[in-house]
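S.K.: Got a predicted structure plus its sequence, pasted below:
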There are 2 protein chains.
Amino acid sequence: MAMSDLLFANHLSFARLLWGQLLKLGDLAIDATCGNGHDTLALSKLVLTPVAGKVIGCDIQQTALENTRERLKEQLLPHQLKRIELHLISHAAITSIIGDESPRLVVFNLGYLPGGDKSLTTRLETTLEALRHLLPLVQKGGAISLTCYRGHPEGEREERALLEFAKRDLPSHWIPSHHRWPRQERSPSLLFLQCAGGSL
Amino acid sequence: MAMSDLLFANHLSFARLLWGQLLKLGDLAIDATCGNGHDTLALSKLVLTPVAGKVIGCDIQQTALENTRERLKEQLLPHQLKRIELHLISHAAITSIIGDESPRLVVFNLGYLPGGDKSLTTRLETTLEALRHLLPLVQKGGAISLTCYRGHPEGEREERALLEFAKRDLPSHWIPSHHRWPRQERSPSLLFLQCAGGSL
């Protein structure tokens, strides 16, 4: 029996399970940190039809966007590619390129570009700034999905700070949940924030 | 917008989401701790057809089984009720009443019967004993779902011990994940153990 036969085997397949449950064809989904484009591709497959749906991808590294574009070209059809925007900006600036449509899901993959320059860790301050700006924009019933890499000191500090933010600063109509794989102490975790809309 | 429009709003709806993804009609599901029968009912709806599926429910309190039976009778059809067994035993003794069929899911709701005698907290030792006996019986691809009530000292001790068990004693082909709602420090958590089968 392969691990892939499980409901989910790790933070990756667990996040995909939640995204698949949440997103419908035609939704707007945002990948705030493209990295190598794996998540951008997964989101595209969940929301894009020939005539509806949109994916916005961002990264601060040109290489990340190039790798993402390459991956998307290999796997998607031209009519799907037309419905994807890739932007070379920090995720703290995402709100500037979101139009009138409310995103159903925003995905953050924190930490550094796999295989890239490890000094370019996602800075905690820009992550929190991005979150504060995005919270009012996400659809009611929508979510923000943050994968935290606890395997390096910056990632661990980031996870702790995000949990503090979720406990103390998140508006009361947002529901945070935190998902961990306890066998490996340094295994990535998922912080999933859902917007119930209005005050509860 | 109601909380029920979210993918999941708390440990209860999250657990139901996972169970719904995992179980198919015709499966064997076990409620190791019936309590007031809410979970027994949810499992029954997911696996029972007129001719297939089975639910086994256990509790150490007669009141719990009576409440469960009452709830099931109100909500299910006679052909479904025939496919449910309720047993007045400790969950540590569950394996004695499982036949040849492998359960797809075993559900534990730890702690005390809501509204019942609070001195009857589930004892950590019996929980661990039950787990050790059940692990070899669960289907490959199946799972054990444990809701931990951290709101009272015994529950908190139980959660810590179960996490230690998941980290150190769980066979390597089992994948543990731990799901928490960080806003309320004492909110119940879900420990979800999945069986990948064989050695990885």
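M.R.: Done, it's in.

S.K.: in chain A, which spans are helices?
M.R.: A:11-22, A:38-47, A:62-75, A:78-81, A:124-134, A:153-168 (DSSP state H).

S.K.: Which residue is the nearest non-sequential neighbour of A:Glu129?
M.R.: Nearest in space to A:Glu129, with sequence neighbours left out and distances taken as C-beta to C-beta, 6 or more residues apart in numbering or on different chains, is A:Ala92 at 4.5 Å. Every C-beta, even on glycine, is put in place using the N, C-alpha and C of the backbone.

S.K.: Look up how far chain B lies from that neighbour.
M.R.: 23 Å (C-beta to the nearest C-beta, to the nearest Å).

S.K.: where does chain A come near chain B, residue by residue?
M.R.: A:1-3, A:5-10, A:14, A:17-18, A:21-22, A:140-141, A:143, A:163, A:166-167, A:170, A:175-183, A:194, A:196-198, A:200 (C-beta under 8 Å from any C-beta of the partner chain).

S.K.: re earlier: tell me which of the helices of chain A sits nearest to B:Gln75.
M.R.: helix A:11-22 (25.0 Å; C-beta to C-beta).

S.K.: quick check: angle from the closest one to helix A:38-47?
M.R.: For helix A:11-22 against helix A:38-47, the angle by axes from the mean of the first three to the mean of the last three C-alpha atoms, to 10 degrees is 20 degrees.

S.K.: And helix A:11-22, what's buried?
M.R.: The neighbour-count check on helix A:11-22 (16 or more other C-beta atoms under 10 Å in any protein chain shown) flags A:11-12, A:14-16, A:18-19, A:22 as buried.

S.K.: Which residue would you name as the spatial centre of chain A?
M.R.: Central residue of chain A (C-alpha atoms, centre = their mean): A:Val107, 1.1 Å from the mean position.

S.K.: for chain A, which spans come out with low pLDDT?
M.R.: A:1-4, A:112-122, A:198-200 (pLDDT under 70).

S.K.: Number of residues surrounding A:Gln62?
M.R.: 9 (other C-beta atoms under 10 Å in any protein chain shown).

S.K.: Ok, A:Leu190 next?
M.R.: Neighbour count of A:Leu190, defined by other C-beta under 10 Å: 21.

S.K.: What of A:Lys140?
M.R.: There are 15 residues near A:Lys140, going by other C-beta under 10 Å.

S.K.: Grab the nearest non-local neighbour of it.
M.R.: A:Gly197 (3.1 Å).

S.K.: I'd like the distance between A:Glu159 and chain B.
M.R.: Distance of A:Glu159 to chain B, computed by C-beta to the nearest C-beta: 11 Å.

S.K.: From A:Arg150, how far off is that residue?
M.R.: Noted for A:Glu159: a distance of 5 Å to A:Arg150, by C-beta to C-beta, to the nearest Å.

S.K.: Now the common contact residues for the two.
M.R.: Taking C-beta atoms under 8 Å, 6 or more residues apart in numbering or on different chains as the criterion, A:Glu159 and A:Arg150 both touch A:Ser189.

S.K.: who has more neighbours, these two?
M.R.: A:Glu159 (23 against 20).

S.K.: So that one sits against A:Pro153, correct?
M.R.: No. A:Glu159 is not in contact with A:Pro153 according to C-beta atoms under 8 Å; the separation is 10.8 Å.

S.K.: quick one, what contacts the residue nearest to the centre of chain A?
M.R.: A:15, A:19, A:29-33, A:39, A:43, A:144-145, A:147.

S.K.: do that again at 6 Å, thanks
M.R.: By C-beta atoms under 6 Å, 6 or more residues apart in numbering or on different chains, the contact set of A:Val107 is A:31, A:39, A:145.

S.K.: any idea how far the last one lies from chain B?
M.R.: For A:Ser145, the distance to chain B (C-beta to the nearest C-beta) stands at 11 Å.

S.K.: Now that residue: closest residue in space that isn't a chain neighbour?
M.R.: That would be A:Val107: by C-beta to C-beta, 6+ apart, it lies 4.9 Å from A:Ser145.

S.K.: ok, now how distant is that neighbour from chain B?
M.R.: 14 Å.

S.K.: Ok, A:Gln75 next?
M.R.: Distance, A:Gln75 to chain B, by C-beta to the nearest C-beta: 25 Å.
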